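1. What follows is a predicted protein model with its sequence.
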Amino acid sequence: MQQTVIKKVKNTAFYMGMTPGEAVALQRDMGAAVVTDSVFGSINHVAGIDISFRAGTANAAVVVLTFPGMKVVETASARKKVTFPYIPGLLAFREAPVALEAFARLSTIPDLLVVDGHGLAHPRRFGLACHLGVELDIPSIGCAKSRLIGQWREPARRKGSSTRLIAGEEVIGRVVRTRDDVKPVFISAGHKVSLKDAVRLVLRMATKYRLPEPIRHAHIAAGHFW
């Protein structure tokens, strides 16, 4: 479905001047809104999100693809000076403002977001995938290239093999092989998508490469817009 803009994007000036303590408090408040069950209908369009940084500036790219065909239909980008310090666990406050500005430029509202980052696999169970999913009220998945927290075992070498990502006694994600004999990715639920469905959907979108197509295209776009 085509619409002129995504209506639910918050004014990104809201994030300006926020202290680390305020950011932690906001994560905890927003985290209460995260839905960990699957709450979505048919998926016709998926969006990949990636953010790159250079000399104090962040560039976000959002690429919308058809599902399950994985054909690119739209790309939007935004560039913004970074004002929040680099603090592990609070990276969303460097990334979310510019990502939201890129989303505001889309004309195609996706049915699902796939974020190059973590969702519940986060110290406060509120990574970038959760943050954007709650902010935009769109089902979201975190698919990261490396671990932030948690313990895990190496999965078998075949595509589709996976192991649990565990923090204490809690399963916070899965470590998934998306291609035979390549490094696994770290998948976690973001918002309105269960972990089981997150893994299933990422595997469907990983058609030729280690990264699922929405993230792969967003990664290329985020680098090319400099």
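-> Nice, thanks for sending it over.

2. all strands in this structure, in order from the N-terminus.
-> All strands of the chain, identified by DSSP state E, fall at 45-54, 57-66, 72-81, 112-115, 140-144, 162-167, 170-176, 185-191.

3. export those strands to CSV and tack on mean pLDDT, mean neighbour count and distance to Ala96?
-> (Glycine included, C-beta is placed from N, CA and C.) Shown next, in CSV, are the strands of the chain (pLDDT from 0 to 100; neighbours: other CB atoms under 10 Å; distance: least, CB to CB, whole Å):
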stretch, mean pLDDT, mean neighbour count, distance to Ala96
strand 45-54, 95, 23, 9
strand 57-66, 96, 24, 9
strand 72-81, 95, 17, 10
strand 112-115, 97, 29, 10
strand 140-144, 97, 28, 12
strand 162-167, 98, 18, 23
strand 170-176, 98, 21, 20
strand 185-191, 98, 29, 13
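
4. Including distance to Asp29, could those go into a markdown table?
-> Putting the strands of the chain into a markdown table (distance: least, CB to CB, whole Å) gives the following:
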| stretch | distance to Asp29 |
| --- | --- |
| strand 45-54 | 22 |
| strand 57-66 | 24 |
| strand 72-81 | 23 |
| strand 112-115 | 20 |
| strand 140-144 | 18 |
| strand 162-167 | 21 |
| strand 170-176 | 20 |
| strand 185-191 | 15 |
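
5. Relative to Thr207, which of these is closest?
-> strand 57-66 (10.6 Å; CB to CB).

6. Assess the claim that Phe53 and Lys80 are in contact.
-> No: the pair Phe53 / Lys80 is not scored as a contact, 10.5 Å apart, by CB atoms under 8 Å.

7. The strands of the chain: which one's closest to Glu213?
-> Closest to Glu213 of the strands of the chain, according to CB to CB: strand 57-66, at 6.1 Å.

8. Adjacent strands (with direction) for that closest one?
-> Strands that pair with strand 57-66, judged by DSSP bridges, come out as strand 45-54 (antiparallel), strand 72-81 (antiparallel).
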